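Enquirer: Next one to model:
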Amino acid sequence: MKEGLPAWIERYFEWVLTHPKKVWLVVSCITVAALAALSQGVLASSLEQMFFGDDPEFLEYRERASAFVNDELFVVAYPDDAPVSSSSLERLERAVSKIAQHPDVGTVRSLADLSLLEGDDGMLLIEGTVDSIARLGEQATVDRVVADRLTSGLMISKEQRHGVIVVEMSVDASRTAEQGPALVGFVVDALVEAGFERDDLHLAGQPAVLSAVIQITYESFGKLAPMVGFLLFSVVWILFRQVTPAVVCLGVSAIAGIWTLGFATLLDRNINIFVSFTPMFTLIVAFSDIVHLWSAFQSELAEGKARREAVLAAAVDVGRACVFTSITTGGGFLSLALLPTPMFRQGGFVMGFGVTAALLLAMTVVPIILLRYGQPAPTAKVAGFSRRSLNRVLSLATRWSLHSPKRVVSCFVLFAIACGYGLTLFTVETDMTARFHEDHRVRVDQAFFDEQLAGTNNLDVFVRAPAADGLLDPELLEALRQARDQLEATPEIDKVVSVVDLFESMHKALGGEGPLPQTRAHLVQYLLLFEMSGGEDLARLIDEERQEMPLRVQIPGYGMRETTRIGETAEVVIQQAVGERADVTATGMVYLFGGWLDSLIAWQKRSLAASFSFMFVMMLLAVRALRPGVLSMIPNVIPAVAVAAYCGFFWEQTDSDTFTPMIMALGIGVDDTIHFLVRFRIERERGYPVEEAIRRTFEFSGRAILMTTAILALGFLPFATSAYFTTWMIGVLIPLSLAMAVVSDLLLVPAMCQLGWIRFGGPDE
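Expert: The predicted structure is shown next:
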């Protein structure tokens with residue numbers, strides 16, 4: 001039917017139109033199966049499943065967290081002008097008692113249960129807060145807490161008007177991130193029940209921030225899903241001036257979304273936060289395929305073809321392009337599966353499946369619907385503003401690309417040079433708190449902690465001696481003390497706490513000379529004295545064999561890559577200080593996240609390259625010519641470069657999550673280039689000269705390209721209403737990339753065709 005087009009495509013659509021009942025039966029069975037699978041799914045995003053998998057460094061971190069102290073903790077600051085008064089401690093004890101009962105809570109530390117050191121006539125006195133108040137008074141006890149290196153900056157604010165509760169979570173690899181908001185809410189409720197005002201509490205720490213991320217993300221999802229569906233439905237209705245294509249787009253896309261989520265559940269019944277958004281992406285992409293097909297059908301009807309002939313012609317012409325565009329888009333999404341992260345791997349497979357499902361439904365169900373319910377396009381008078389606007393844009397693009405092709409190319413060259421400069425400003429970092437608006441409670445609370453208390457971002461540096469009792473070496477401990485002072489002198493580190501501080505406090509309390517004991521025997525006696533005097537939590541500072549100990553490094557802020565860099569620096573400083581006497585290893589949840597991000601960014605770049613290479617291959621297959629395939633990739637690079645340049649120019653630091661919408665946009669944006677060039681080739685093979693072939697391509701595919709770009713951009717635009725930065729980026733960067741893509745496809749591509757850079761055989765060649 002169409003010269004140069006694979007015969008199997010025509011045979012496929014002939015079969016679909018001849019056997020509609022069989023098609024509907026298969027679609028219904030798959031949909032029911034997908035719903036059944038979906039009913040078994042649960043929202044569950046464990047950190048291990050989402051990010052680390054079987055990473056040996058993560059498994060080692062888990063072991064050490066179980067043996068010593070878990071850095072998965074969050075802190076709550078509460079206002080109190082008299083933080084150690086009897087009434088304050090009484091209500092604090094009530095809250096702590098309830099918090100400690102939660103199964104996900106490991107330990108809770110507060111002013112009510114501190115162990116304070118003091119020397120008394122050569123004897124070591126370790127007493128609790130209540131005993132200290134009874135003996136010395138409230139202010140003297142506060143002064144002791146502030147002066148003690150083990151508690152200073154941790155339990156009482158600088159202005160001494162806020163107390164702090166430290167909630168350390170139990171070590172549980174199976175715990176999901178979705179449990180975080182409930183735990184944080186439980187802690188806050190316990191404090192409110194004890195008499196504290198909710199609005200006066202400040203929360204910080206990785207679990208608290210991650211809980212806020214989970215909460216705001218799912219809240220956004222609940223708002224975005226209906227918003228995206230309504231907006232897409234409205235746009236299609238306005239563009240076509242018919243309710244039928246809008247209803248069909250929404251219904252078929254919804255089925256594609258169900259299939260996608262059902263497939264995700266079959267892969268893993270625990271649906272993580274990233275995968276939960278994939279049905280919306282499928283919905284948006286499916287709208288694009290259906291609009292291309294519906295627009296082509298109306299164009300064929302306008303040429304006077306009968307309904308069945310018009311459906312078949314549109315399906316064959318658009319179907320071939322849609323096969324390539326869907327494979328290209330799906331390949332772009334599948335490239336996410338190359339990332340060394342379970343969450344993105346699963347998301348890449350699911351989104352790739354979603355694109356395939358959208359294509360299959362669009363090319364199977366929609367032709368059947370068109371045959372029975374498709375109507376001719378409305379007249380220009382009825383279509384009104386939307387159609388006139390589309391025609392005006394296409395007319396301008398046609399005129400500029402045909403009459404001033406060199407000027408068009410020159411403008412794009414200048415734009416590319418500017419983008420190149422923007423790329424030099426592109427730097428990547430991930431700060432979880434910075435993903436919230438400045439007035440969001442997470443940002444406000446973090447600013448409070450940065451000003452009033454020691455850093456709430458923790459990493460641990462473990463020192464391990466080669467033999468038991470190896471850490472009870474005065475020279476080794478002195479080296480660690482000097483390394484501690486060196487690290488604390490840097491602006492990036494607030495505080496370093498370890499068993500060295502305990503020895504130092506005890507030595508001072510007992511009137512010893514110098515900062516630390518000078519003999520191994522004294523160190524052994526100090527530890528024994530500490531335990532006999534009622535000291536607690538020694539196991540958090542040093543193991544029973546006296547062979548391994550952690551140094552807790554406290555850092556302000558939440559820059560993950562910066563945390564890893566600081567951890568690596570601390571590891572080097574401490575290793576240089578201890579020499580061959582011990583091995584030094586940095587670890588911690590945020591520290592590992594930073595290292596994971598370094599690896600992820602490297603793999604994201606590889607994924608971008610793989611996606612680009614795959615699209616190049618698909619472009620060659622679509623246009624069936626080497627030179628046009630190579631040159632056609634130029635307009636497809638521009639959108640990705642423009643987005644990266646935008647980030648470099650306008651953002652001080654680019655969040656690592658930026659690469660994900662860039663990869664997605666690259667896969668989506670190439671579709672219009674394929675649609676334009678496939679149609680241009682068809683027109684050239686039909687014998688039309690270059691200029692006339694370009695005009696006819698604009699007439700047949702130009703309107704659909706504009707409409708689908710508008711639909712895709714508007715479909716993603718609601719994400720920009722989110723208060724969470726990562727979701728907001730999807731709503732800004734993908735529409736920006738799509739806008740650049742359509743400008744390139746409707747100006748640069750036809751200009752390159754007009755200049756003869758991209759050419760196909762015809763009567764004038």
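
Enquirer: how many other residues sit next to the residue lying closest to Glu683 once chain neighbours are set aside?
Expert: Spatially, and ignoring its direct neighbours in sequence, Glu683 is nearest to Ala693 (3.8 Å; Cβ to Cβ, 6 or more residues apart in numbering). For the C-beta atoms, the positions are set from N, CA and C on the backbone; glycine is no exception. Ala693 has 24 neighbours, counted by other Cβ atoms under 10 Å.

Enquirer: Please, which helix or strand holds Ala693?
Expert: helix 690-697 (DSSP states H and E).

Enquirer: can you list contacts of the helix or strand just after that helix?
Expert: Following helix 690-697 in sequence order, the next helix or strand is helix 703-716 (DSSP H and E). With contact meaning Cβ atoms under 8 Å, 6 or more residues apart in numbering, helix 703-716 is reached by 228, 231-232, 235-236, 239, 283-285, 287-288, 291-292, 295-296, 318, 390-391, 393-394, 668, 671-672, 675-676, 730-731, 734-735, 738-739, 741-742, 745-746.

Enquirer: so helix 703-716 versus helix 690-697, what angle?
Expert: Computed by axes from the mean of the first three to the mean of the last three Cα atoms, to 10 degrees, the angle separating helix 703-716 from helix 690-697 equals 50 degrees.

Enquirer: Could I have the CA atoms of helix 703-716 written out in CSV?
Expert: Output of helix 703-716 as CSV, limited to C-alpha atoms (Å, rounded to 0.1, in the frame of the first residue of the first chain):
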residue,chain,number,x,y,z
ARG,A,703,0.6,19.7,13.4
ALA,A,704,0.9,16.4,15.1
ILE,A,705,4.5,17.2,16.2
LEU,A,706,3.3,20.5,17.7
MET,A,707,0.3,18.9,19.3
THR,A,708,2.2,16.0,20.8
THR,A,709,5.0,18.2,22.1
ALA,A,710,2.4,20.5,23.7
ILE,A,711,0.7,17.4,25.2
LEU,A,712,3.9,15.9,26.5
ALA,A,713,5.2,19.3,27.9
LEU,A,714,1.9,20.1,29.6
GLY,A,715,1.6,16.5,30.9
PHE,A,716,4.9,16.9,32.7
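
Enquirer: quick one: average pLDDT of that helix?
Expert: For helix 703-716, mean pLDDT rounds to 82.

Enquirer: quick one: the helices in the stretch 651-765 of the chain?
Expert: Along the stretch 651-765 of the chain, counting by DSSP state H, counting those that start in this stretch, helices occupy 659-685, 690-697, 703-716, 725-743, 749-754.

Enquirer: so which of those comes closest to Ser157?
Expert: helix 725-743 (28.5 Å; Cβ to Cβ).

Enquirer: tilt between the closest one and helix 703-716?
Expert: 170 degrees.

Enquirer: count of residues packed around Thr427?
Expert: Count around Thr427 with other Cβ under 10 Å applied: 12.

Enquirer: same check, this time on Phe700
Expert: A count of nearby residues for Phe700, using other Cβ under 10 Å, gives 22.

Enquirer: Contacts only, for Gln576.
Expert: Gln576 touches Ala483, counting by Cβ under 8 Å, 6+ apart.

Enquirer: now the angle between helix 725-743 and the helix or strand Ser220 falls within, please.
Expert: Ser220 belongs to helix 206-240 when assigned by DSSP H and E. Here helix 206-240 runs at an angle of 30 degrees relative to helix 725-743 (the same axes, to 10 degrees).

Enquirer: buried set for helix 206-240?
Expert: For helix 206-240, burial by neighbour count (16 or more other Cβ atoms under 10 Å) applies to 206-217, 220-221, 224-225, 227-229, 231-233, 235-237, 239-240.

Enquirer: name the helices or strands packed onto that helix?
Expert: On a contact count with 3 or more Cβ pairs under 8 Å, 6 or more residues apart in numbering; DSSP states H and E, helix 206-240 meets strand 73-79, helix 179-193, helix 243-267, helix 278-302, helix 385-403, helix 441-452, helix 703-716, helix 725-743.

Enquirer: what pLDDT, on average, does that helix get?
Expert: Here the average pLDDT along helix 206-240 is 82.

Enquirer: do the same with stretch 511-529
Expert: 89.

Enquirer: now swap in stretch 631-647 and tell me
Expert: 84.

Enquirer: which other residues reach that stretch?
Expert: By Cβ under 8 Å, 6+ apart, stretch 631-647 touches 412, 415-416, 418-423, 426, 608, 612, 615-616, 619, 623, 654, 658, 662, 665-666, 669-670, 673, 677, 733, 736-738, 740-741, 744-745, 748-749, 752, 757-758.

Enquirer: one step back: mean neighbour count, the helices and strands packed on helix 206-240: which tops it?
Expert: Mean neighbour counts were compared across the helices and strands packed on helix 206-240 using mean count of other Cβ atoms under 10 Å; the top stretch is helix 278-302, at a mean of 26.

Enquirer: Please name every helix or strand in contact with that one.
Expert: So helix 278-302, by 3+ Cβ pairs under 8 Å, 6+ apart, packs with helix 206-240, helix 243-267, helix 307-334, helix 342-373, helix 659-685, helix 703-716.

Enquirer: Dihedrals phi and psi, the closest residue to Ala204 other than its chain neighbours?
Expert: Leaving aside its chain neighbours, Ala204 sits nearest to Thr456 (4.1 Å; criterion: Cβ to Cβ, 6+ apart). Thr456 adopts backbone torsions of phi -100, psi 0, taken as degrees, to the nearest 10.

Enquirer: okay, Thr456: pLDDT?
Expert: For Thr456, the model assigns a pLDDT of 76.

Enquirer: One more: Leu477?
Expert: 95.

Enquirer: in the host helix or strand of it, what counts as buried?
Expert: Using DSSP H and E, Leu477 falls within helix 474-488. Going by neighbour count (16+ other Cβ under 10 Å), the buried part of helix 474-488 is Pro474, Leu476, Leu477, Glu478, Ala479, Leu480, Arg481, Ala483, Arg484, Gln486, Leu487.
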